[in-house]
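*Asks:* this is the structure alone, sequence omitted:
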């Protein structure tokens, strides 16, 4: 399945530009991809900062973020997606990654959008998949610059076994996380100290903009009830909604031979941002 080619280009579809960039974050560099619609001279577009999941990259599972960014550009929405420290094209070591660093890098991308001159900075959203959803919530909670928030199977609350992993990290200098699809990653004691200190209901309560939590009904990694927990915590959002997709697993079926769920997910994402940005 070639997700980049899955969306047909109609005659009236907007054109776009896409480029890989590097953003200077001081102690590290942020590899990113910027996708921007092409419009009339002087035209400015709303934008979305896209945060990827744990152990993934800015392209995301099945290149689903590449597909989504292209579709959003054709709908008139610019995007910037980036690799966390130690992931994808990042030349830094993942042992330096924490949730706080993830939020800081998201804001570096937001600040970069300011320099372009083609982005309507009064209409910028943030979205994330799985752990990226967790970080999208924290980014929006701590920075009142976003107009809308969206999560795809967004993680919420503390992970299990963090205390045990933290003890190992303190003893060894790191805890090694293993994956089925990539080499292991080493998480530092600082990672756990940051993660375990977060009060999620208090953080999400700071979000004062519309929020949509999308989950697959067949997700066993971030169970669908998580979306309702997020929305229940968003007590100060003027419009917080849950959307559950039939037959969708944690990766929204991107590894199947049927892209129906992905197309539905991306269209729901576009519709949400068109309504709320």
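*Replies:* That came through fine. Quick caveat: nothing in here was measured; it's all calculated off a predicted structure.

*Asks:* and the closest residue to residue 96 other than its chain neighbours, how far from residue 102?
*Replies:* Sequence neighbours aside, residue 85 is the residue nearest to residue 96 in space, at 5.4 Å (criterion: CB to CB, 6 or more residues apart in numbering). The C-beta positions use only the backbone N, C-alpha and C, and glycine is treated the same way. In this structure, residue 85 and residue 102 are 8 Å apart, going by CB to CB, to the nearest Å.

*Asks:* same question for residue 204.
*Replies:* 16 Å.

*Asks:* circling back to that earlier point, what is the burial count for the residue nearest to residue 96?
*Replies:* Neighbourhood size, residue 85 [other CB atoms under 10 Å]: 22.

*Asks:* equivalent analysis for residue 235, please.
*Replies:* Count around residue 235 with other CB under 10 Å applied: 12.

*Asks:* what are the ranges of the strands in this protein?
*Replies:* 16-24, 29-37, 45-51, 78-82, 119-129, 148-152, 175-177, 185-187, 211-216, 240-245 (DSSP state E).

*Asks:* CSV for the ones you listed, including distance to residue 275 and mean neighbour count?
*Replies:* Below are the strands of the chain laid out as CSV (distance: least, CB to CB, whole Å; neighbours: other CB atoms under 10 Å):
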stretch, distance to residue 275, mean neighbour count
strand 16-24, 21, 13
strand 29-37, 18, 22
strand 45-51, 11, 28
strand 78-82, 17, 27
strand 119-129, 11, 22
strand 148-152, 8, 29
strand 175-177, 37, 16
strand 185-187, 37, 21
strand 211-216, 9, 26
strand 240-245, 10, 18
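
*Asks:* could you export the ones you listed as TSV, including distance to residue 67?
*Replies:* As requested, the strands of the chain are arranged in TSV below (distance: least, CB to CB, whole Å):
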stretch	distance to residue 67
strand 16-24	12
strand 29-37	11
strand 45-51	12
strand 78-82	11
strand 119-129	13
strand 148-152	13
strand 175-177	27
strand 185-187	25
strand 211-216	15
strand 240-245	16
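
*Asks:* present those as JSON lines; the columns should include distance to residue 269 and mean pLDDT.
*Replies:* JSON lines is the format used below for those (distance: least, CB to CB, whole Å; pLDDT from 0 to 100):
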{"stretch": "strand 16-24", "distance to residue 269": "16", "mean pLDDT": "96"}
{"stretch": "strand 29-37", "distance to residue 269": "14", "mean pLDDT": "97"}
{"stretch": "strand 45-51", "distance to residue 269": "9", "mean pLDDT": "98"}
{"stretch": "strand 78-82", "distance to residue 269": "10", "mean pLDDT": "98"}
{"stretch": "strand 119-129", "distance to residue 269": "7", "mean pLDDT": "98"}
{"stretch": "strand 148-152", "distance to residue 269": "6", "mean pLDDT": "98"}
{"stretch": "strand 175-177", "distance to residue 269": "28", "mean pLDDT": "97"}
{"stretch": "strand 185-187", "distance to residue 269": "27", "mean pLDDT": "97"}
{"stretch": "strand 211-216", "distance to residue 269": "8", "mean pLDDT": "98"}
{"stretch": "strand 240-245", "distance to residue 269": "10", "mean pLDDT": "98"}
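
*Asks:* nearest to residue 158 among those would be which one?
*Replies:* Of all the strands of the chain, strand 185-187 sits nearest to residue 158, with 14.1 Å by CB to CB.

*Asks:* which neighbouring elements make contact with that closest one?
*Replies:* strand 175-177 (3 or more CB pairs under 8 Å, 6 or more residues apart in numbering; DSSP states H and E).
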